[in-house]
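# Could you work out the structure for the sequence below:
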Amino acid sequence: MKFLLDTANLEDIQQYNQTLPIAGVTSNPSIIKKEGKIDFFNHMKKIREIIGTDKTLHVQVIAEDYEGMIKDAEAILAKIDQQVYIKIPTTEAGIQVMKELKRRGINVTATAIYTKMQAYLAIAAGADYLAPYFNRMENLNIDPREAVFEMAEEISRTNSKSKILAASFKNVGQVTAALESGAQAATMGPDILATAFAMPSINQAVLDFSKDWSSIFGENVTVADL
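Numbering: from 1, shown residues only. Okay, the predicted model is just below:
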């Protein structure tokens, strides 16, 4: 499984890229808005510099029509780099764009997926990643666990190279549910990652181990000091 950061904040990306096995960074217009009016392409290049070329960078188009999305994709590739995964909303026009980009050998992430039918069409169009919106599906009374499971089954049935990059989470439980349902990857905000280690019992266990060790070997003595 792969864990990606759903943020454009350079400090957060720097921190988690150093400490955790982060496989890439995803962004969208709402995430960009949180950073203010940035120099968009230079900002994306800085993210690439932090994560390197061995990790995936996903950048979303803004246009809604076929011609506009193609132009956006071309600009992203020209002004950032050719390895970027172009995020395309899974609309009718979006599916057409995915087909054309894959014909050109361009990396594609199908985003804004709420239904299995959207996912199946994106798989057929050759999308590299599918991004089902887990929490938003749940809010619409759509079972995201069952949907992700069936998406994974369709990938297996068709021997597709598509992978599920689950997105839109509000808590750690949703992330683990998506992965356990068949998603090969999940992208989440820094707040979700932070809560994964926030359980008081985790810190208490570490403190208890340190206390027991110190009672034998003394305060501030580590294994390396022996």
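# all helices for the chain, in order.
Along the chain, the segments classed as helices by DSSP state H run 10-19, 29-34, 40-51, 66-79, 92-103, 116-124, 134-139, 144-157, 172-180, 190-196, 200-217.
# Distance to Ile164 for these - can I get that in a markdown table?
Where C-beta positions appear, they are placed from N, C-alpha and C, glycine not excepted. Formatted as a markdown table, the helices of the chain follow (distance: least, Cβ to Cβ, whole Å):
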| stretch | distance to Ile164 |
| --- | --- |
| helix 10-19 | 21 |
| helix 29-34 | 20 |
| helix 40-51 | 21 |
| helix 66-79 | 22 |
| helix 92-103 | 16 |
| helix 116-124 | 8 |
| helix 134-139 | 10 |
| helix 144-157 | 6 |
| helix 172-180 | 8 |
| helix 190-196 | 17 |
| helix 200-217 | 29 |
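# With mean neighbour count added, can I get these in a markdown table?
Formatted as a markdown table, the helices of the chain follow (neighbours: other Cβ atoms under 10 Å):
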| stretch | mean neighbour count |
| --- | --- |
| helix 10-19 | 15 |
| helix 29-34 | 12 |
| helix 40-51 | 17 |
| helix 66-79 | 17 |
| helix 92-103 | 18 |
| helix 116-124 | 19 |
| helix 134-139 | 18 |
| helix 144-157 | 18 |
| helix 172-180 | 18 |
| helix 190-196 | 16 |
| helix 200-217 | 10 |
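# Can you flag the weakest of those helices by average pLDDT?
Among the helices of the chain, helix 200-217 has the lowest mean pLDDT, at a mean of 75.
# just to revisit the earlier point, so for Gln60, which of the helices of the chain sits nearest?
Closest to Gln60 of the helices of the chain is helix 29-34 (Cβ to Cβ; 6.5 Å).
# Output that closest one as PDB - backbone C-alpha positions only.
The C-alpha trace of helix 29-34 is given here as PDB (Å, rounded to 0.1, in the frame of the first residue of the first chain):
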ATOM      1  CA  PRO A  29      -7.900  23.700  -6.200                       C
ATOM      2  CA  SER A  30      -9.400  23.600  -2.700                       C
ATOM      3  CA  ILE A  31      -6.000  22.600  -1.200                       C
ATOM      4  CA  ILE A  32      -4.200  25.300  -3.200                       C
ATOM      5  CA  LYS A  33      -6.700  27.900  -1.800                       C
ATOM      6  CA  LYS A  34      -5.400  27.100   1.700                       C
END
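# how far does that helix sit from the chain's center?
15 Å (Cα atoms, centre = their mean, to the nearest Å).
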